[in-house]
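>>> fold the stuff below for me.
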Amino acid sequence: QVQLVESGGGLVQAGGSLRLSCAASGNIVSINAMGWYRQAPGKQRELVAAITSGGSTNYADSVKGRFTISRDNAKNAVSLQMNSLKPEDTAVYYCNADVVTAGGIVYYTRDYWGQGTQVTVSS
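You can find the predicted model right below:
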């Protein structure tokens, strides 16, 4: 069983900063990509940023230049530094990880999700 635990959400004024963190634990062999998604009320969940095990990153156009994703492979952790926050960044943010686990001699790969953390940016 694998768990992703997020922290760092909250309420901030426009122009402010927040840092989200997520740590994976459990029967983990390795983790491929890790990322952050968000879902605003009435909207679909969307990718915010992703990072491979090798450190390659991908960002949504709406956050480029403002958000930075990073990871610590040794700790199975990923973070999202969010600067210059805007009211339209308000959403529930979810951590995601593509995790490899082992069952005997068989390896499995599947997506895991965190429970979500609320980010609210006031104008």
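>>> where does the residue nearest to Lys75 when sequence neighbours are not counted fall, secondary structure wise?
Taking CB to CB, 6 or more residues apart in numbering as the measure, Lys75 lies nearest to Ala23, with 6.5 Å between them; neighbours along the chain are not counted. C-beta: built from backbone N, CA, C; applies to glycine. Ala23 is located in strand 18-26, with elements delineated by DSSP states H and E.
>>> which strand runs longest in this structure?
Scanning the chain for the strand with the most residues, using DSSP state E, yields strand 91-103.
>>> elements contacting the following helix or strand past it?
Stepping forward along the backbone from strand 91-103, the first helix or strand reached (DSSP H and E) is strand 106-113. In this structure, strand 106-113 packs against strand 2-7, strand 91-103, with contacts taken as 3 or more CB pairs under 8 Å, 6 or more residues apart in numbering; DSSP states H and E.
>>> quick one: furthest residue from the center of this protein?
Relative to the average C-alpha location in the chain, and by CA atoms, centre = their mean, no residue lies farther out than Ile105, which sits at 29.8 Å.
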